[in-house]
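Asks: fold the following and give me the result.
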Amino acid sequence: MYSWKSHFAVLADYQHWANEVLFNSLDHLREEVIGGDQGLYFKSIHHTVDHILVVSQAWLARMRGEPLEVNYREINNPDFRELKQSLRRETRKLQSWLDAQAEEFFEEEIHFAGSDGKPRAMWVRDALTHLFTHYAHHRGQISAVITRLGGPCPEMDFVYYRREMDKVLNEMK
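Replies: Okay, the predicted model is just below:
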(Lines give C-alpha, C1' and ligand atoms only; values in the text may rest on other atoms or scores of the structure.)
Protein backbone atom coordinates (compact mmCIF):
# COMPACT_ATOMS: atom_id res chain seq x y z
CA MET A 1 0.00 0.00 0.00
CA TYR A 2 1.30 3.41 -0.95
CA SER A 3 1.21 6.08 1.74
CA TRP A 4 2.89 9.36 2.58
CA LYS A 5 4.82 7.50 5.25
CA SER A 6 6.20 4.92 2.82
CA HIS A 7 6.94 7.68 0.29
CA PHE A 8 9.00 9.68 2.76
CA ALA A 9 10.69 6.55 4.14
CA VAL A 10 12.11 5.90 0.66
CA LEU A 11 13.07 9.56 0.20
CA ALA A 12 14.82 9.62 3.59
CA ASP A 13 16.87 6.58 2.57
CA TYR A 14 17.61 8.22 -0.78
CA GLN A 15 18.99 11.32 1.03
CA HIS A 16 21.49 9.15 2.86
CA TRP A 17 22.48 7.34 -0.34
CA ALA A 18 22.87 10.59 -2.32
CA ASN A 19 24.97 12.15 0.45
CA GLU A 20 27.31 9.13 0.29
CA VAL A 21 27.67 9.52 -3.48
CA LEU A 22 28.45 13.21 -2.96
CA PHE A 23 30.97 12.47 -0.19
CA ASN A 24 32.74 9.92 -2.40
CA SER A 25 33.27 12.62 -5.03
CA LEU A 26 34.29 15.18 -2.42
CA ASP A 27 36.95 12.80 -1.13
CA HIS A 28 38.87 13.50 -4.36
CA LEU A 29 39.24 17.20 -3.51
CA ARG A 30 41.83 18.86 -1.31
CA GLU A 31 40.73 20.20 2.06
CA GLU A 32 41.59 23.80 1.16
CA VAL A 33 39.32 23.54 -1.90
CA ILE A 34 36.44 22.24 0.23
CA GLY A 35 36.91 25.10 2.69
CA GLY A 36 37.63 27.81 0.11
CA ASP A 37 35.25 30.22 -1.57
CA GLN A 38 33.75 28.41 -4.55
CA GLY A 39 31.11 31.00 -5.41
CA LEU A 40 28.27 29.13 -3.70
CA TYR A 41 25.55 30.93 -1.75
CA PHE A 42 27.34 29.85 1.44
CA LYS A 43 30.68 30.39 -0.32
CA SER A 44 32.42 27.10 0.48
CA ILE A 45 31.49 23.46 0.02
CA HIS A 46 32.11 23.03 3.74
CA HIS A 47 29.63 25.75 4.73
CA THR A 48 27.07 24.41 2.24
CA VAL A 49 27.25 20.87 3.68
CA ASP A 50 27.06 22.40 7.17
CA HIS A 51 23.94 24.27 6.06
CA ILE A 52 22.33 21.02 4.87
CA LEU A 53 22.95 19.51 8.31
CA VAL A 54 21.67 22.52 10.26
CA VAL A 55 18.52 22.78 8.13
CA SER A 56 17.85 19.08 8.64
CA GLN A 57 18.21 19.52 12.41
CA ALA A 58 15.93 22.56 12.35
CA TRP A 59 13.15 20.79 10.45
CA LEU A 60 13.30 17.70 12.64
CA ALA A 61 12.99 19.94 15.69
CA ARG A 62 10.04 21.74 14.11
CA MET A 63 8.27 18.47 13.35
CA ARG A 64 8.87 17.33 16.93
CA GLY A 65 7.48 20.61 18.25
CA GLU A 66 10.83 21.54 19.81
CA PRO A 67 12.48 24.95 19.56
CA LEU A 68 15.92 25.09 17.99
CA GLU A 69 17.96 28.22 17.47
CA VAL A 70 20.28 27.99 14.46
CA ASN A 71 22.77 30.36 12.92
CA TYR A 72 22.97 29.86 9.17
CA ARG A 73 25.65 32.53 8.75
CA GLU A 74 28.45 30.63 10.45
CA ILE A 75 29.86 27.15 10.12
CA ASN A 76 28.51 25.19 13.05
CA ASN A 77 30.72 22.11 12.45
CA PRO A 78 34.29 23.22 11.72
CA ASP A 79 35.85 19.75 11.19
CA PHE A 80 34.75 18.54 7.75
CA ARG A 81 35.26 14.83 8.51
CA GLU A 82 33.11 15.14 11.62
CA LEU A 83 30.58 17.20 9.66
CA LYS A 84 30.15 14.34 7.18
CA GLN A 85 29.68 11.90 10.07
CA SER A 86 27.18 14.25 11.72
CA LEU A 87 25.16 14.54 8.51
CA ARG A 88 25.17 10.75 8.16
CA ARG A 89 23.89 10.38 11.72
CA GLU A 90 21.31 13.14 11.32
CA THR A 91 19.94 11.70 8.10
CA ARG A 92 19.53 8.26 9.69
CA LYS A 93 18.08 9.86 12.84
CA LEU A 94 15.45 11.62 10.73
CA GLN A 95 14.72 8.42 8.83
CA SER A 96 14.33 6.43 12.04
CA TRP A 97 12.13 9.10 13.59
CA LEU A 98 9.89 9.20 10.52
CA ASP A 99 9.62 5.40 10.57
CA ALA A 100 8.37 5.61 14.18
CA GLN A 101 5.56 8.04 13.32
CA ALA A 102 1.98 6.94 12.80
CA GLU A 103 0.53 7.18 9.30
CA GLU A 104 -1.70 10.03 10.49
CA PHE A 105 1.32 12.19 11.32
CA PHE A 106 2.00 12.71 7.63
CA GLU A 107 -1.48 14.24 7.24
CA GLU A 108 -0.98 16.73 10.08
CA GLU A 109 -0.02 20.37 10.14
CA ILE A 110 2.95 21.55 12.19
CA HIS A 111 3.27 24.95 13.83
CA PHE A 112 6.64 26.54 14.43
CA ALA A 113 8.57 29.79 14.52
CA GLY A 114 10.17 30.55 11.17
CA SER A 115 13.79 31.65 10.86
CA ASP A 116 12.42 35.20 11.02
CA GLY A 117 10.78 34.42 14.38
CA LYS A 118 7.25 34.69 12.99
CA PRO A 119 4.72 31.92 13.65
CA ARG A 120 4.29 29.56 10.72
CA ALA A 121 2.23 26.51 9.85
CA MET A 122 2.90 23.85 7.23
CA TRP A 123 1.63 20.41 6.35
CA VAL A 124 4.13 17.71 7.36
CA ARG A 125 4.23 16.35 3.80
CA ASP A 126 5.09 19.84 2.49
CA ALA A 127 7.77 20.34 5.15
CA LEU A 128 9.37 17.01 4.23
CA THR A 129 9.14 17.74 0.51
CA HIS A 130 10.84 21.08 1.15
CA LEU A 131 13.55 19.49 3.29
CA PHE A 132 14.35 16.75 0.79
CA THR A 133 14.36 19.08 -2.22
CA HIS A 134 16.54 21.45 -0.19
CA TYR A 135 19.06 18.64 0.22
CA ALA A 136 18.98 18.01 -3.55
CA HIS A 137 19.27 21.72 -4.36
CA HIS A 138 22.48 22.15 -2.38
CA ARG A 139 23.94 18.80 -3.41
CA GLY A 140 23.44 19.90 -7.02
CA GLN A 141 25.32 23.13 -6.39
CA ILE A 142 28.19 21.23 -4.78
CA SER A 143 28.19 18.71 -7.65
CA ALA A 144 28.66 21.52 -10.16
CA VAL A 145 31.66 22.80 -8.21
CA ILE A 146 33.20 19.32 -7.98
CA THR A 147 33.01 18.82 -11.73
CA ARG A 148 34.23 22.37 -12.41
CA LEU A 149 37.28 21.56 -10.28
CA GLY A 150 37.93 18.35 -12.25
CA GLY A 151 36.57 15.93 -9.66
CA PRO A 152 34.35 12.97 -10.51
CA CYS A 153 30.75 13.85 -11.27
CA PRO A 154 28.52 12.43 -8.52
CA GLU A 155 25.61 10.57 -10.11
CA MET A 156 22.99 11.29 -7.44
CA ASP A 157 19.76 11.11 -9.42
CA PHE A 158 16.92 9.26 -7.74
CA VAL A 159 16.73 6.84 -10.67
CA TYR A 160 20.31 5.68 -9.90
CA TYR A 161 19.31 5.10 -6.29
CA ARG A 162 16.32 3.00 -7.39
CA ARG A 163 18.46 0.97 -9.78
CA GLU A 164 21.01 0.28 -7.05
CA MET A 165 18.31 -0.70 -4.56
CA ASP A 166 16.65 -2.98 -7.14
CA LYS A 167 20.02 -4.63 -7.81
CA VAL A 168 20.58 -5.21 -4.08
CA LEU A 169 17.09 -6.67 -3.69
CA ASN A 170 17.56 -8.98 -6.69
CA GLU A 171 20.91 -10.19 -5.34
CA MET A 172 19.25 -11.02 -2.02
CA LYS A 173 16.68 -13.28 -3.74
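Asks: which residue would you name as the spatial centre of the chain?
Replies: For the chain, the residue nearest the mean C-alpha position is Tyr135 (4.0 Å; CA atoms, centre = their mean).
Asks: for the residue nearest to it when sequence neighbours are not counted, the count of nearby residues, please.
Replies: In space, Tyr135 comes closest to Gln15 once its chain neighbours are excluded; the distance is 5.3 Å by CB to CB, 6 or more residues apart in numbering. (C-beta placed from N, C-alpha, C; glycine too.) Counted with other CB atoms under 10 Å, the neighbours of Gln15 add up to 23.
Asks: pLDDT score for Gln15?
Replies: According to the prediction, Gln15 has pLDDT 98.
Asks: hmm, it is touching Thr91, no?
Replies: Yes - the pair Gln15 / Thr91 is scored as a contact, 5.3 Å apart, by CB atoms under 8 Å.
Asks: residues touching Gln141, list them.
Replies: Shown in contact with Gln141 (CB atoms under 8 Å, 6 or more residues apart in numbering): Leu40, Tyr41, Thr48.
Asks: quick one: secondary structure of it?
Replies: Three-state assignment for Gln141 (DSSP: H, G, I helix; E, B strand; the rest coil): helix.
Asks: and Ser3, what does it touch?
Replies: In this structure, Ser3 makes contact with Glu103, Phe106, judged by CB under 8 Å, 6+ apart.
Asks: recalculate using a threshold of 10 Å.
Replies: Taking CB atoms under 10 Å, 6 or more residues apart in numbering as the criterion, Ser3 is in contact with Ala9, Glu103, Phe106, Glu107.
Asks: verify the stated contact: the third one with Leu128.
Replies: Yes - A contact is recorded between Phe106 and Leu128 when judged using CB atoms under 10 Å, the distance being 7.9 Å.
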